[in-house]
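1. coords please:
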Amino acid sequence: MRLWVCIALLSIVVCASADRPAVFDAVVRAGHFVWDAAGGARDMFRAYQDMREANYKGADKYFHARGNYDAAQRGPGGAWAAKVISDARETWQSGVSGRGHEDTEADQEANEWGRSGGDPNRYRPAGLPSKY
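-> Just a heads-up that it's a prediction; the model follows:
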């Protein structure tokens, strides 16, 4: 009986110390990507909520940049989510809002600035409450 217990414990130690299969590492990486993407989507939604709450004229570019910045700081999944959400929002708004091509381009510039790690305060309008 003791021999079988020792063999079982030795097997556990050997298996635990062995390298994990590549498939396991790929699943872990995919899990991190999905987790980051979900967090990035939350960051984008929080920036949108803050923009609606602030209701401050000329602050939309700041909130675009801030949402993208926060999402991208999470990692590749967050940056991916920010790009997908931003592109979808701008595609939808360009056909609905009537603000024109120039506004869409300016929004996309702010989105890209934030995603690439640029300081969102570049787009912060004077007088926006410090809460945001």
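2. Every contact and neighbour count from this point should use C-alpha atoms.
-> Noted.
3. gap between residue 41 and residue 79?
-> 9 Å (C-alpha to C-alpha, to the nearest Å).
4. Mutual contacts of these two, please.
-> Applying C-alpha atoms under 8 Å, 6 or more residues apart in numbering, one finds that residue 41 and residue 79 are jointly contacted by residue 71.
5. which helices and strands does the longest helix anywhere in the chain pack with?
-> What stands out as the longest helix in the chain, according to DSSP state H, is helix 22-54. Using 3 or more C-alpha pairs under 8 Å, 6 or more residues apart in numbering; DSSP states H and E, the elements in contact with helix 22-54 are helix 60-72, helix 76-96.
6. Pick out the shakiest of these, pLDDT-wise.
-> Looking at the helices and strands packed on helix 22-54, the lowest mean pLDDT belongs to helix 76-96 (a mean of 91).
7. So which bits of stretch 41-61 are buried?
-> Using 16 or more other C-alpha atoms under 10 Å as the burial criterion, the residues of stretch 41-61 that qualify are 41, 42, 43, 44, 46, 47, 48, 51, 59, 60, 61.
8. Any chance of CSV for those residues, columns distance to residue 106?
-> Formatted as CSV, the buried residues of stretch 41-61 follow (distance: C-alpha to C-alpha, whole Å):
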residue, distance to residue 106
41, 21
42, 23
43, 20
44, 18
46, 21
47, 17
48, 17
51, 16
59, 12
60, 10
61, 8
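9. I appreciate the help and will end here.
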